[in-house]
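# need the 3D shape of this:
(chains A, B, C and D)
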Number of protein chains: 2
Amino acid sequence: MSPAAPTNQKAHTILRAARDVFLEHGFSAATTDMIQQQAGVSKSTVYAHFPTKEALFTAVVEAECESFLEGVQSIQFQPKGVEALLHTLACTYLDIVLSPVALAQYRVLVGEAPKFPELAHRFYQAGPRAMIRRASELMASAADAGELDFGGLSAETAATAFANLVRSELQQHYLLHPEARPSRAQVEQWAEVCVTLFLRAFAPR
Amino acid sequence: MSPAAPTNQKAHTILRAARDVFLEHGFSAATTDMIQQQAGVSKSTVYAHFPTKEALFTAVVEAECESFLEGVQSIQFQPKGVEALLHTLACTYLDIVLSPVALAQYRVLVGEAPKFPELAHRFYQAGPRAMIRRASELMASAADAGELDFGGLSAETAATAFANLVRSELQQHYLLHPEARPSRAQVEQWAEVCVTLFLRAFAPR
DNA sequence: ATCGAACTGTACCTATCGGTTCGATATGGT
DNA sequence: ACCATATCGAACCGATAGGTACAGTTCGAT
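You can find the predicted model right below:
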């Protein structure tokens, strides 16, 4: 079927398999044999495309960062009022953060951060920081339109607070309860709490 | 000096060494040889006190949870007004969360949560939940005294929001930048942002 | 028909892991 | 003086890790 084709198809197959294995077991506990079998590929082929286990790991993480970045940047502003904006912003962010892939990625990256600091930075920029930048833009617009009043604080500070408020509680809960699946009701409910709190603080009087 | 003494002294030594090694390398990458050497003890002695590597790990984590619990529960209420209360609450919590030991512990526990779910739960209760409970008590008192007004929200919800708001941003930053040391200025500054936001939301008008 | 690149399968190498075994040694309690 | 206990040190075991070597196969392109 495929052999001898100018195939970087295989490289992609291997990368997907590596992603699955690394996200399930972490870096140290994952083995190249698992990856090889999951990819349905011979061991030689794996090492023909990637020189070491580390290289495979960094390739996986960087690809995943790319994908996160796209997800976050594609959030659009629908001008239905600031409350609706904040609510959809919160829910969208939580959907990303609480997805099984994102939770696994976060888990592994935090755990291996001392061993792969540059990868951790990349993720920080592509994930949380990108979200804060996006939220900051949207909130600055709302403030310009007179729908928010940050008082002495900057829009960026407010956006940082909002993003962290939205993310932290549920993310921490599911990071430390890996067997539980995030419930949509919980997401909606927490998003509402965040919006309420935020508007009590920053809605113009 | 010590041999043949009814020594659980050695057990303690081994536990401390195991803590250092596990917190530095995580569970999978840590080896029993490292622990044995760090403790200055023979391999046989390690296995005389702890049956397996897993048992050693759980013993370490449970001891550490105990210590966190004490730290959080020892936070006292100094009645100097609600703003001062919130500020010291935030700073105290951040000092705990951002301590090198706590960061390492969090890192390892999040990373190994799928393999040790019951340990992760224990930590969740002993750390974040305990903090929220404590904060909730203090805030309920302040609300009773008329210094806070939570509107339709419960004191527990407000405390959850506050604790997460305080913790998340800086904790995430240092989890993903392991080589950087938390700066006190950053802590104070962020604590002030949190208090400002919280009071804008919940100070009685 | 032939060549060369991609791939397979398997055997292999070396290192290291968690854990065991065992004889030697030192000690404290009686 | 004696024995039980705790420890040591070092050899050892089976398993498995990351990675390499190599002989053979499959294909597209010329």
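
# for chain B, what is the nearest residue in chain A?
Chain B sits closest to residue A:111 of chain A, with a gap of 2.4 Å, by CB to the nearest CB. Where you see a C-beta, it was placed from the backbone N, CA and C, and this is true even at glycine.

# mind checking which helix or strand that residue is in?
helix A:100-112 (DSSP states H and E).

# so that helix versus helix B:100-112, what angle?
140 degrees (axes from the mean of the first three to the mean of the last three CA atoms, to 10 degrees).

# give me the distance from helix A:100-112 to the chain's centre.
9 Å (CA atoms, centre = their mean, to the nearest Å).

# what of stretch A:146-164?
22 Å.

# tell me how far the ends of that stretch are from each other?
Criterion CA to CA, to the nearest Å; first-to-last residue distance in stretch A:146-164 is 24 Å.

# who touches that stretch?
If you take CB atoms under 8 Å, 6 or more residues apart in numbering or on different chains as the criterion, stretch A:146-164 is touched by A:81-82, A:86, A:89-90, A:93, A:128, A:131-132, A:135-136, A:138-140, A:142-143, A:194, A:198, A:202-205, B:164-165, B:168-169, B:172, B:193-194, B:196-197, B:200.

# likewise stretch A:100-114?
A:22-24, A:26-28, A:61, A:64, A:68, A:96-97, A:116, A:119-120, A:123, A:171, A:174-175, A:178, B:24, B:26, B:106-108, B:110-114, B:175-178.

# domain ranges for chain A?
A:1-50, A:61-202 (automatic domain parsing).

# so who does residue A:25 touch?
residue A:34.

# and the average pLDDT for the helix holding residue A:111 is what?
If you average the pLDDT over helix A:100-112, you get 96.

# stretch A:189-205 too?
Rounded mean pLDDT across stretch A:189-205 is 96.

# can you check stretch A:90-97 too?
94.

# that one near chain B at all?
No: interface with chain B: stretch A:90-97 contributes nothing (CB under 8 Å from any CB of the partner chain), its closest point being 11.2 Å away.

# identify each buried residue in that stretch, please.
A:90, A:91, A:92, A:93, A:94, A:96, A:97 (16 or more other CB atoms under 10 Å in any protein chain shown).

# just the domains of chain A: most buried one?
Comparing the domains of chain A by mean neighbour count (mean count of other CB atoms under 10 Å in any protein chain shown), domain A:61-202 comes out on top with a mean of 19.

# does it come close to DNA strand C?
No: shown here: domain A:61-202 not in contact with DNA strand C (CB under 7 Å from any atom of the strand), separated by at least 14.5 Å.
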